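>>> what would the 3D arrangement of this be:
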Amino acid sequence: MSFRAVLAASAVFAFAAPAFAQDAPPAPAAPAAPAQSAEEAAFEAKAEAFGTRMQQMSTEMQAALTAAAGDTAKANTDLDAIAARYQPDADTFADEVGAFITAQSAAAPAEQQAQMAQMIPMITAEVKGAPAKVKADMLAAAAAPAAPATPQ
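Down below sits the predicted model:
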């Protein structure tokens, strides 16, 4: 995997959590990528599975917020319980991301290896923080005043 591809993958992880907090339009199709190695394909499958799990978590959190009907204490308690159930998935995937980047950096030039090594803690922290970030984003969205209706 090229350094550019690792950066692209890290951007996906860094910006994935906010997207789970709201219904986002589908992303535009990515340009055709060069053939993947078996390791890259396996990692991509893990990333997709993680994305699916985070979407499931987001759906559960949204349902819990709706069920709490404005009761902030209940919403916090319920969202904490949901985030705790999904935290092991985030921790495991964060470790997999770090291991993948480390393995891919072995073939990179020394300067890129150093940059990739610096990125690992930031990326893994972002992934591990995904459940808490989604919870915080949902609570913030729920607390925001509704936009005024526009006259027609």
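>>> where does T92 sit: helix, strand or coil?
Here T92 is helix, with the state taken from DSSP: H, G, I helix; E, B strand; the rest coil.
>>> cool, A99 as well?
helix.
>>> local confidence estimate at it?
On pLDDT, A99 comes in at 93.
>>> now do the contacts for it.
If you count contacts by CB atoms under 8 Å, 6 or more residues apart in numbering, A99 has none. For every residue, glycine as well, the C-beta is placed using N, CA and C.
>>> ok, A84 next?
Per CB under 8 Å, 6+ apart, neighbours of A84: P131.
>>> buried stuff in the helix or strand encompassing it?
Using DSSP states H and E, A84 falls within helix 72-105. Of the residues in helix 72-105, 75, 78-79, 82-83, 86-87, 89-90, 93-94, 96-98, 100-101, 104-105 count as buried by neighbour count, 16 or more other CB atoms under 10 Å.
>>> any stretches of this structure with poor pLDDT?
1-34, 146-152 (pLDDT under 70).
>>> can you rerun that using 50?
1, 3-4, 7, 11, 14-15, 17-21, 23-25 (pLDDT under 50).
>>> so where do the helices sit in it?
With helices called from DSSP state H, the chain shows them at 3-20, 38-68, 72-105, 110-128, 130-143.
>>> pick the most deeply packed of those helices.
Burial among these, expressed as mean neighbours by mean count of other CB atoms under 10 Å, is greatest for helix 130-143, which shows a mean of 19.
>>> how far away from the center of its chain is that helix?
Mean-position distance between helix 130-143 and its chain equals 13 Å (CA atoms, centre = their mean, to the nearest Å).
>>> what packs against it?
On a contact count with 3 or more CB pairs under 8 Å, 6 or more residues apart in numbering; DSSP states H and E, helix 130-143 meets helix 3-20, helix 38-68, helix 72-105.
>>> okay, the angle between the last one and helix 130-143?
Angular relation of helix 72-105 and helix 130-143 on a 0 to 180 degree scale: 140 degrees, by axes from the mean of the first three to the mean of the last three CA atoms, to 10 degrees.
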